[in-house]
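>>> here you go, sequence then predicted model.
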Amino acid sequence: MFSKSRYFTCVLMILLPWFLVAQSNYQVIDTGQDQCFNDSIEISPPNPGEPFFGQDAQYNGTQFSFQDNGDGTVTDLNTGMMWQQTPDLDNKSTWAEAVAGADTFILAGYDDWRLPHIKELYSLIDFRGSSMDTIPYIDTTFFDFEWGDTTQGERLIDAQYWSSTEYVGLTMNGDATAFGVNFADGRIKGYPTETGPGGQPFEAFVRYVRAGNNYGVNNYFDNGDGTITDSSTGLMWKQIDDGVTRNWEETLAYAENMTLAGYDNWRLPNVKELQSIVDYTRAPDAQNPGQQGPAIDTIFDVTEEESFFWTSTTLLEAPPDAGTGSEGVYIAFGQAWGYMGPPGNGEWLNVHGAGAQRSDPKSGDPGNYPYGRGPQGDEVRIFNYVRCVRRGLTNINEGKSESLRSSMICQNTPNPFRSETIIGFQLSEPDHVRITLYNTVGQKIKTILDDNKPAGFHTVIFEANNLANGVYYYCLETSKEKQFRKTVHCEEY
């Protein structure tokens, strides 16, 4: 007789490839950085315990994987997004034109193209670029690129690309703003959507995308031990910064030496990981009071509203008087300030918006830059906060290591569910497994499974049994890690 349990198991095994894709629909793609640096120059990869250990190049994540479809499109094999291979490199667009253009854009037989949001667009950035060496921050093997037209008065680095993400506050002197990625100098900034410098409309390049729904959507769970898990990315975060700002070397050391919630494999996140937790619906100067605050989900705690956090990534751009490798990359969760006007007679303005990605010297005295630097007088921040992360990458050095996931839990099916649902999970080695159900405030509701299991794929049927309607989280816990998924119980479903 074909039992219900065997039926559910067969259905789940058939659908398992789909579940695994759904599980990883927000894969944070590696930065590509493969060089190590100190405060000013390239160095040999440091060993554990040595200064500057734990930087971006010493951890490997999900590597770039593109497919040229031969029809003017490129598919990102990690995210499932399909990209326009060659934008209109002869004409830039205003933001309104970029948004509207998607409605009539047809390529390779598809008419569902759209302007990417900022996290989608940022997934393409490659931190092996450097405008000093005329190497763009995008893989030109697959994507066509053009520098700024210096014959028309542009700078070489004027190769900004629009995203669909509007800033919820205002920049400069009250400008409506949308974020963009500059693939010439490796930064995220806010750009005016209406009138730009000199009273002329600001224009940028456009690269449309299709598919890849839900990319960039976080799914947080408070573990109740000072950590936050994002089940969308598989990353675990320190919930609160420690209230201390540090230079880049000190930040690396702090992260590598931290122990929290029983884990000692914390590290400083690379810039793509840190950007994954930016909440672009929030800003300290948001026009809607309900959205005011640092650009991060309120499940996290921050010492101050105007918060800036270091990453482990180095920007390969440098001022003429500094060495390659002297600039560390950070994210502005608060307003990205710049001093506009003559020294002593100007004013500090929110130039680029909360959620911008910038870079500054890794060491030194910020007091040496009283009026910022650069054409927009960007504030120089040498001492920033740290938000540690763990899991998701592999340390390529000997010594302290952080292994890839040894287990994976699937989304339950059906979901939402009424009387019962089935949960599947994969183990790469034998382990003790506990699956626990929690409500949305972190209270334990039920232990679904508590048993030793061999390596391989397993399923367990969870019966609701008087469970109230609502949203729940189930947690897979092994000897090495925890993973969370969200489910919905609804008797009327």
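Done, it's in.

>>> low-confidence ranges in the stretch 351-493 of the chain?
With pLDDT under 70 as the threshold, the stretch 351-493 of the chain has low-confidence stretches at 392-406, 492-493.

>>> strands of that one, residue ranges please.
For the stretch 351-493 of the chain, the strands defined by DSSP state E, counting those that start in this stretch occupy 357-361, 389-390, 394-395, 407-409, 420-427, 431-439, 444-453, 456-463, 470-477, 482-489.

>>> for those strands, which one sits closest to residue 45?
Minimum separation from residue 45 across the strands of the stretch 351-493 of the chain (Cβ to Cβ) falls at strand 394-395, 10.7 Å. (C-beta placed from N, C-alpha, C; glycine too.)

>>> quick one: mean pLDDT for the host helix or strand of residue 181?
Here residue 181 sits within strand 177-182, counting by DSSP states H and E. Averaging pLDDT along strand 177-182 gives 98.

>>> pull up the pairing partners for that strand, direction included.
In the sheet, strand 177-182 lines up against strand 160-166 (antiparallel), strand 187-192 (antiparallel) (DSSP bridges).

>>> start to end distance for stretch 109-122?
Start-to-end span of stretch 109-122 (Cα to Cα, to the nearest Å) is 26 Å.

>>> for stretch 136-145, same thing?
8 Å.

>>> contact partners of it?
64, 66, 68, 74, 83, 85-87, 89, 124-129, 147, 159, 182-186, 207 (Cβ atoms under 8 Å, 6 or more residues apart in numbering).

>>> list the residues that contact residue 175.
If a contact means Cβ under 8 Å, 6+ apart, then residue 175 has 192-195 as its contacts.

>>> if you could redo that for residue 385, that was the one I meant.
Residue 385 neighbours (Cβ under 8 Å, 6+ apart): 241, 243-245, 302-303, 307-310.

>>> beta partners of it?
Residue 385 has these beta-bridge partners by DSSP bridges: residue 309.

>>> break down the stretch 201-350 of the chain into its helices, ranges please.
If you assign secondary structure with DSSP state H, counting those that start in this stretch, the helices in the stretch 201-350 of the chain sit at 248-256, 271-275.

>>> winner for burial among those?
Of all the helices of the stretch 201-350 of the chain, helix 271-275 has the most neighbours on average by mean count of other Cβ atoms under 10 Å, namely a mean of 26.

>>> helices or strands next to that helix in the packing?
If contacts are counted by 3 or more Cβ pairs under 8 Å, 6 or more residues apart in numbering; DSSP states H and E, helix 271-275 sits against helix 118-122, strand 308-315, strand 327-332.

>>> can I get the ones you listed in CSV including distance to residue 412 and mean pLDDT?
As requested, the helices and strands packed on helix 271-275 are arranged in CSV below (distance: least, Cβ to Cβ, whole Å; pLDDT from 0 to 100):
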stretch, distance to residue 412, mean pLDDT
helix 118-122, 26, 98
strand 308-315, 34, 98
strand 327-332, 34, 98
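
>>> starting at the chain centroid, how far to stretch 332-349?
Computed by Cα atoms, centre = their mean, to the nearest Å, the chain-centroid distance of stretch 332-349 equals 26 Å.

>>> buried residues in that stretch?
If you call a residue buried by 16 or more other Cβ atoms under 10 Å, then stretch 332-349 has these buried ones: 332-340, 349.

>>> could you measure from residue 59 over to residue 122?
As for residue 59, its distance to residue 122 is 18 Å (criterion: Cβ to Cβ, to the nearest Å).

>>> contacting residues around the residue nearest the centre of the chain?
For the chain, the residue nearest the mean C-alpha position is residue 276 (2.1 Å; Cα atoms, centre = their mean). When the contact criterion is Cβ under 8 Å, 6+ apart, the partners of residue 276 are 26, 28, 119, 216, 218, 230, 233, 235.

>>> what do you get if the cut-off is 6 Å, keeping everything else the same?
Counting by Cβ atoms under 6 Å, 6 or more residues apart in numbering, residue 276 touches 28, 233.
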